[in-house]
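[1] Sharing a model that was predicted from the sequence below.
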Amino acid sequence: MSSFPHENPGEELLIDAEIDDAPQPAHIPSSPWLLLTGLILVALNLRPALSSLAPMLKMVRESTGLSGAAAGLLTTLPVLCLGLFAPLAPVLARRLGAERTVLLILLALAGGIVLRSLFPVFGLFAGSILAGASIGIIGVLLPGIVKRDFPAHAGVMTGVYTMALCLGAALAAGATVPLGKLMDDSWQLALAFWAVPAILAALVWLPQARTGHHAHRQVHRVSGLWRDPLAWQVTLYMGLQSSLAYIVFGWLPSILIDRGLTPTEAGLVLSGSVMVQLGSALAAPWLATRGRDQRPAVVIVMLLTLAGLLGMLYAPLSGIWGWAVVLGLGQGATFSIALALIVLRARDAHVAASLSGMAQGVGYTLAALGPFLVGVVHDLTDGWNAVGVIFVVVTLGAIAAGLGAGRNRLVRAHSEQI
């Protein structure tokens, strides 16, 4: 689900290749189970490029001489690309079809993962940019394919998709350091390994690209969204909670290693915390829609996230696994509630798709500042204690945005076919 800017910033053209309210011939996948398997494998590959680097970051810095600020930039670039390249998704989908686009970008993702292992420093940054851009494009397209091909089970399938994202992140966070040890302590080979599942996913996805669906090619204009305060509140909530998530992906293992854990233990703590997200990611949207609005849920899950982050930073290491659970419960819920707010605040599927594009494009660009600031603060203070201030400020900002986004209202935007 996505959109791209039109000449008037208050209007958007939505290339609705995946979602359409108008009567259309039903699209029945030739092999639903093969499509389901492909979707899960593709989703599994949308986080390893991000979460595999963090447990190895200390080794990478020692090998390449990267400063804290440069390492912060390295963790920031892929997240920045999630937002900057998201608008390319509908353009590519319109020209190539969503299925073919996913296949080609999967191969680009594998190339980016390999590239960052081939050439020290240059390859790290160039490969991270390519990987982040690839993830941003695929991440926009997959929810639309889910809603199109599994319309009667879109909610369940979105849950499965979210679980696959979390599982991929957890596997990469926990397995990269042990893989490196098996490969003669080579961080290059350990990071490059994650190109293998991307290539496997591309092979399983290949039949979808050969029989791509091309029935939905309507162009819709969505007007008024970028001028609507509620849409900006949804976008800011998405961006600020994502900023905390990518700080965790990028820096948590380094924080824990400096506090006394081994790289393997730090990677496992991150992996365990992400695994906990599987449950809260599924439960939170359901619980959040039981009340009059989502404001209480936003406050609760953001405070859980902050408690987990501060526990990781300051609490005794003997209780680190408890804080990992608290952090996982909070962050899994904040992300899934952010996705739910996009749907709940939109009056139809076209506005929802356009709001999704706005929230991802602007939100992820904003989220990229978090990991970079952590690196800068660490460099300036030569420690991690001051990072707690960033956690508190970002959390309070997310709560403020979420209190606006969580109100039981609809964005003042409308769509029309042109």
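    Nice, thanks for sending it over. Residues are numbered from 1 along each chain as shown.
[2] any chance you could map the helices in the stretch 51-200 of the chain?
    With helices called from DSSP state H, counting those that start in this stretch, the stretch 51-200 of the chain shows them at 53-64, 68-84, 88-96, 98-118, 122-149, 154-182, 187-192, 195-210.
[3] Now the second one: average pLDDT?
    The reference is to helix 68-84. What helix 68-84 shows for mean pLDDT is 87.
[4] Repeat that for the fifth one.
    For helix 122-149, the mean pLDDT works out to 86.
[5] so Ser242 makes contact with Ala367?
    Yes: if you go by Cβ atoms under 8 Å, Ser242 and Ala367 touch, sitting 3.8 Å apart. Every C-beta, even on glycine, is put in place using the N, C-alpha and C of the backbone.
[6] what residues are shared contacts of those two?
    Common neighbours of Ser242 and Ala367 (criterion: Cβ atoms under 8 Å, 6 or more residues apart in numbering): Val79.
[7] Assign Val222 to helix, strand or coil.
    strand (DSSP: H, G, I helix; E, B strand; the rest coil).
[8] Which strand or helix spans the closest residue to it other than its chain neighbours?
    Spatially, and ignoring its direct neighbours in sequence, Val222 is nearest to Ser354 (4.0 Å; Cβ to Cβ, 6 or more residues apart in numbering). Per DSSP states H and E, Ser354 falls inside helix 349-367.
[9] Just the CA atoms from that helix would do, formatted as CSV, please.
    This file holds the C-alpha atoms of helix 349-367, laid out as CSV (Å, rounded to 0.1, in the frame of the first residue of the first chain):
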residue,chain,number,x,y,z
ALA,A,349,-9.1,1.6,1.2
HIS,A,350,-7.7,4.3,-1.2
VAL,A,351,-7.2,6.8,1.6
ALA,A,352,-5.8,4.0,3.8
ALA,A,353,-3.3,3.1,1.1
SER,A,354,-2.3,6.8,0.7
LEU,A,355,-2.0,7.3,4.4
SER,A,356,0.1,4.2,4.6
GLY,A,357,2.5,5.7,2.0
MET,A,358,2.7,9.0,3.9
ALA,A,359,3.2,7.3,7.2
GLN,A,360,6.0,5.0,5.9
GLY,A,361,7.6,7.6,3.6
VAL,A,362,7.8,10.4,6.1
GLY,A,363,7.7,8.3,9.2
TYR,A,364,10.7,6.1,8.3
THR,A,365,12.7,9.2,7.2
LEU,A,366,12.1,10.7,10.6
ALA,A,367,12.9,7.3,12.3
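[10] ok, back up a step: adding mean neighbour count and distance to Leu252 as columns, could you present the helices of the stretch 51-200 of the chain in JSON lines?
    As requested, the helices of the stretch 51-200 of the chain are exported to JSON lines (neighbours: other Cβ atoms under 10 Å; distance: least, Cβ to Cβ, whole Å):
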{"stretch": "helix 53-64", "mean neighbour count": "20", "distance to Leu252": "7"}
{"stretch": "helix 68-84", "mean neighbour count": "23", "distance to Leu252": "11"}
{"stretch": "helix 88-96", "mean neighbour count": "20", "distance to Leu252": "29"}
{"stretch": "helix 98-118", "mean neighbour count": "23", "distance to Leu252": "20"}
{"stretch": "helix 122-149", "mean neighbour count": "23", "distance to Leu252": "18"}
{"stretch": "helix 154-182", "mean neighbour count": "21", "distance to Leu252": "9"}
{"stretch": "helix 187-192", "mean neighbour count": "22", "distance to Leu252": "17"}
{"stretch": "helix 195-210", "mean neighbour count": "18", "distance to Leu252": "22"}
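[11] export those to JSON lines and tack on distance to Leu339?
    Converted to JSON lines, those look like this (distance: least, Cβ to Cβ, whole Å):
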{"stretch": "helix 53-64", "distance to Leu339": "23"}
{"stretch": "helix 68-84", "distance to Leu339": "14"}
{"stretch": "helix 88-96", "distance to Leu339": "16"}
{"stretch": "helix 98-118", "distance to Leu339": "19"}
{"stretch": "helix 122-149", "distance to Leu339": "8"}
{"stretch": "helix 154-182", "distance to Leu339": "7"}
{"stretch": "helix 187-192", "distance to Leu339": "28"}
{"stretch": "helix 195-210", "distance to Leu339": "22"}
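[12] Indicate which one of those is closest to Thr305.
    helix 154-182 (14.8 Å; Cβ to Cβ).
[13] I figured Tyr161 hits Gly144, correct?
    No: in terms of Cβ under 8 Å, Tyr161 does not count as a neighbour of Gly144; the distance is 11.3 Å.
[14] Mutual contacts of those two, please.
    Counting by Cβ under 8 Å, 6+ apart, Tyr161 and Gly144 have no shared contacts at all.
[15] State the pLDDT value of Ser415.
    For Ser415, the pLDDT comes out at 68.
[16] can you pull the contacts of the closest residue to Val121 other than its chain neighbours?
    Using Cβ to Cβ, 6+ apart and skipping residues adjacent in sequence, the residue nearest Val121 is Thr64, 5.4 Å away. Counting by Cβ under 8 Å, 6+ apart, Thr64 touches 120-121, 124.
[17] quick one: Thr64 and Val377, what's the gap?
    Applying Cβ to Cβ, to the nearest Å, the value for Thr64 to Val377 is 21 Å.
[18] just Leu309 next, same as before
    For Leu309, the distance to Val377 - Cβ to Cβ - is 14 Å.
[19] And those two? Which one has more around it.
    Leu309 (27 against 20; other Cβ atoms under 10 Å).
[20] which ones are touching that one?
    Counted by Cβ under 8 Å, 6+ apart, Leu309 has contacts 244, 248, 327, 388, 391, 395.
[21] Quick one: mean pLDDT for the helix or strand containing it?
    For Leu309, the enclosing helix or strand under DSSP H and E is helix 295-314. Across helix 295-314, the average pLDDT comes to 96.
[22] Repeat that for stretch 396-404.
    Confidence over stretch 396-404 (mean pLDDT, whole number) is 97.
[23] Then stretch 198-215?
    The average pLDDT for stretch 198-215 rounds to 81.
[24] Give me the distance from that stretch to the chain's centre.
    Relative to the chain's own centre, stretch 198-215 is displaced by 22 Å; criterion: Cα atoms, centre = their mean, to the nearest Å.
[25] Only alpha carbons, please: show it as CSV.
    Taking Å, rounded to 0.1, in the frame of the first residue of the first chain, the C-alpha atoms of stretch 198-215 are listed here in CSV:
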residue,chain,number,x,y,z
ALA,A,198,16.7,-13.8,0.1
ILE,A,199,17.7,-15.8,-3.0
LEU,A,200,15.7,-18.7,-1.7
ALA,A,201,12.7,-16.5,-1.3
ALA,A,202,13.2,-15.2,-4.9
LEU,A,203,13.2,-18.8,-6.2
VAL,A,204,9.9,-19.6,-4.4
TRP,A,205,8.4,-16.3,-5.5
LEU,A,206,9.4,-16.9,-9.2
PRO,A,207,6.0,-18.5,-10.2
GLN,A,208,4.1,-15.4,-8.9
ALA,A,209,6.2,-13.2,-11.2
ARG,A,210,5.4,-15.4,-14.2
THR,A,211,1.7,-15.2,-13.6
GLY,A,212,1.5,-11.7,-12.2
HIS,A,213,-1.9,-10.1,-11.7
HIS,A,214,-2.6,-7.1,-13.9
ALA,A,215,-6.3,-6.5,-13.5
